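>>> Based on what follows, work out the 3D shape:
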Amino acid sequence: MTVKRMTGGVLATVLLCTGAVACGGSDDGKKAKGAGSGEIQSRSQVTEVITAAYEKTSKAKSAKVEMTMTAPASMGASAGEMKMSGVMGWDPTVMDMTMSGSALTKGDPEAPENIRMLWLDNVMYMNMGAAVAKEMDGKQWVKMDLNSIAEQSGDEKLAKQVTGGLESMNQDPAQQLAMLLDSPNLKHVGSAKVDGVQAQRYKGRLTVKEMMETNKGLSDVLSKSEREEMFKSIEKSGIKGYDTEVWVNEDDYPVRMDIDIKSPEGTMKMSQKFSDYGSEAKVTAPPTGQTVDLMEMFKEIGEAAGSDSDSGL
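The predicted structure follows:
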């Protein structure tokens, strides 16, 4: 049960982190044309606003984040709600977030209601709470090094896929806005307030193919044939595309971004709110003596199982 609880937390966190790197903004002192106007903007004005947001957020390098991800019951193990709040930095990617929600506790009444997650140097650390610590020599932190997992697998294809995912995650979070600029139907849909802040709302849609073609992180680490294979796999899953909405304030910063991913099982929704751009995102790894390496633990369990089998137990 401890292993199941730890693994479930890891998988849920990986899913969220993959989606968490999303937002974007120009620091040239000029207000993007139309950014403070309630009038519907032309395509050129929309492009200017989103480009300004892309550039400005790139330079900020960090922000406070509140995120909610929901998946319908038809998605089985992925169903439920997950919330994250904390600070995130980019270039390089670092996070200090606290997670909660039904997706964490589903099927396990003893699962922690909150999990603190740290991300540093492509390594994820999660504080699984006192219940897990009792069974892990008092150690509350679980470590998962995705680079190491890829290398230890001995599978070059798997290693490339994992590395590709990490490269994509390590892209400047403004990449989501850069990708949105490539949406053929990007448009301004009016003004709205986000937590009392006046903002302009923009909407666009990318097909899976368009998303992959504009994702520089994938093209840097995967060959054309490997990207085509990944595209076929995603297409086979039934995912049709990504609907993105972003709210940009009068300072050219995105204050909210929503992404809907549609599939035959239903729509997965992710909503993020951003504030305090430039907030310090200093993350320190927990002490080694308080940390359990998840993959080392799996290895020991496997060796113990093999030993029992050899002895006829």
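
>>> And the strands in the stretch 51-200 of the chain, which stretches?
62-71, 80-89, 94-100, 114-120, 123-127, 141-145, 187-194, 197-207 (DSSP state E, counting those that start in this stretch).

>>> For stretch 235-243, output the C-alpha coordinates as PDB.
These are the backbone C-alpha positions of stretch 235-243, laid out as PDB (Å, rounded to 0.1, in the frame of the first residue of the first chain):
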ATOM      1  CA  GLU A 235      -3.800  10.500 -32.600                       C
ATOM      2  CA  LYS A 236      -4.700   6.900 -31.900                       C
ATOM      3  CA  SER A 237      -5.600   7.900 -28.300                       C
ATOM      4  CA  GLY A 238      -8.300  10.000 -29.800                       C
ATOM      5  CA  ILE A 239      -7.000  13.400 -28.700                       C
ATOM      6  CA  LYS A 240      -8.100  15.900 -31.400                       C
ATOM      7  CA  GLY A 241      -6.600  19.100 -30.200                       C
ATOM      8  CA  TYR A 242      -5.900  21.700 -27.600                       C
ATOM      9  CA  ASP A 243      -8.200  24.700 -26.900                       C
END
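
>>> So what's the model's average confidence on that stretch?
The predicted model assigns stretch 235-243 a mean pLDDT of 75.

>>> in that stretch, what's buried?
Buried residues in stretch 235-243, counting neighbours by 16 or more other CB atoms under 10 Å, are found at Ile239, Gly241, Tyr242, Asp243. Where C-beta positions appear, they are placed from N, C-alpha and C, glycine not excepted.

>>> Need the contact partners of that stretch.
203-208, 210-211, 259-265 (CB atoms under 8 Å, 6 or more residues apart in numbering).

>>> quick one on the thing from earlier: nearest to Val292, of the strands of the stretch 51-200 of the chain?
Closest to Val292 of these is strand 141-145 (CB to CB; 5.4 Å).

>>> and the strands of the stretch 51-200 of the chain as a markdown table, adding mean neighbour count, mean pLDDT and distance to Glu55?
Shown next, in a markdown table, are the strands of the stretch 51-200 of the chain (neighbours: other CB atoms under 10 Å; pLDDT from 0 to 100; distance: least, CB to CB, whole Å):
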| stretch | mean neighbour count | mean pLDDT | distance to Glu55 |
| --- | --- | --- | --- |
| strand 62-71 | 20 | 89 | 15 |
| strand 80-89 | 20 | 89 | 17 |
| strand 94-100 | 19 | 90 | 21 |
| strand 114-120 | 20 | 90 | 24 |
| strand 123-127 | 21 | 89 | 29 |
| strand 141-145 | 22 | 86 | 33 |
| strand 187-194 | 15 | 92 | 18 |
| strand 197-207 | 20 | 90 | 16 |
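
>>> I'd like to know which of the ones you listed is closest to Gln41.
strand 187-194 (4.2 Å).

>>> how much does the closest one deviate in direction from strand 197-207?
Angle between the axes of strand 187-194 and strand 197-207 is 140 degrees (criterion: axes from the mean of the first three to the mean of the last three CA atoms, to 10 degrees).

>>> Renumber starting at 625 from here on
All set: I'll call the first residue 625, so the last point we hit is now strand 811-818.

>>> Quick one: residues contacting Val907.
Counting by CB under 8 Å, 6+ apart, Val907 touches Gly713, Val718, Met719, Asp720, Leu742, Trp743, Leu744.

>>> burial count for the nearest residue to Glu834 once chain neighbours are set aside?
Sequence neighbours aside, Asp806 is the residue nearest to Glu834 in space, at 6.2 Å (criterion: CB to CB, 6 or more residues apart in numbering). Per other CB atoms under 10 Å, the neighbour tally for Asp806 reads 13.
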